[in-house]
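Chemist: need a 3D model of the sequence below.
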Amino acid sequence: MSTSSSNGCCGCRSGAGSPRRGFLARLAALVLAMVAYVTPAIASLVAFLNPLRQKSKSGEFIRLAALDTLDGTPRKVAIVQDRTDAWNRYPNQPVGAVWLRKVGENEVKAIHVVCPHAGCFIDYDAANHRFMCPCHNAHFDLDGVRLEATSSSPRDLDTLEVDYETKDGVKYVLVKFQNFRIGTADKIEA
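Modeler: Reported below is the predicted structural model:
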């Protein structure tokens, strides 16, 4: 008793199986392939957008100096914070600087060290008691106001908000550090 080569012993076709099983197998393979390709793409997108979801430390008050260590002469103080990017944390990194100057018995003025014109760091000219930008030779008074009527700086120097805290009998100066856009007449947080 011989059977044809396309039929099995029970009379059904051997090989591929029923057309429905083949469709379900191909559908399952397609779904698994899509999951295999889409999962890394979604993970990459989440990792790429992660810095946008993290809260920035900009604008937090930072303790910079004891009040009794300051006087009427501007003193440049580095801003040191923990810096975090999407994957790493860098403790105690310099992120900027401010000029601190005592303007009263218990009052301090804080001025950002970055010139609003082109982002250069301003210097203190002790001989003339004023700030100056070495990039375009603009001059500012001790309060950060432009001294030249035709200054290339679009605005006065950026002042920062100051607060105070007393700890263990010592009064400390706190500064709300933030960066601002350069090249604009308006003081806009960067």
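
Chemist: correct me if wrong: residue 189 contacts residue 178.
Modeler: Yes - using Cβ atoms under 8 Å as the test, residue 189 is close enough to residue 178 to be in contact (5.5 Å). C-beta coordinates here come from the backbone N, C-alpha and C atoms, glycine included.

Chemist: low pLDDT regions in this structure?
Modeler: Filtered on pLDDT under 70, the chain yields the residue ranges 1-17, 48-59, 86.

Chemist: how is it divided into domains?
Modeler: 1-53, 61-176 (automatic domain parsing).

Chemist: among these, which comes closest to residue 185?
Modeler: With Cβ to Cβ as the criterion, residue 185 lies closest to domain 61-176 of the domains of the chain, at 4.5 Å.

Chemist: sorry, back to before: who has more neighbours out of residue 189 and residue 178?
Modeler: Counted by other Cβ atoms under 10 Å, residue 189 and residue 178 do not tie: residue 178 has more neighbours, with 17 against 10.

Chemist: quick one on the thing from earlier: so which of the domains of the chain gets nearest residue 184?
Modeler: Taking the domains of the chain one by one with Cβ to Cβ, domain 61-176 is closest: 6.1 Å.

Chemist: circling back to that earlier point, pick the most buried one from the domains of the chain.
Modeler: domain 61-176 (a mean of 15; mean count of other Cβ atoms under 10 Å).

Chemist: quick one: distance of that one to the chain centre.
Modeler: Remark: domain 61-176 is offset 19 Å from the chain centroid, using Cα atoms, centre = their mean, to the nearest Å.

Chemist: ok, now which ones touch residue 183?
Modeler: Contacts for residue 183 (Cβ atoms under 8 Å, 6 or more residues apart in numbering) come out as 116, 117, 118, 154.

Chemist: so how far is residue 75 from the third one?
Modeler: Here the criterion is Cβ to Cβ, to the nearest Å. By it, residue 118 lies 24 Å from residue 75.

Chemist: contacts only, for residue 185.
Modeler: 154, 155.

Chemist: got the phi/psi numbers for it?
Modeler: The phi and psi values for residue 185, taken as degrees, to the nearest 10, are phi -80, psi -20.

Chemist: which single strand of this structure contains the most residues?
Modeler: strand 89-104 (DSSP state E).

Chemist: spit out the contact partners of residue 30.
Modeler: Here residue 30 is in contact with no residue (Cβ under 8 Å, 6+ apart).
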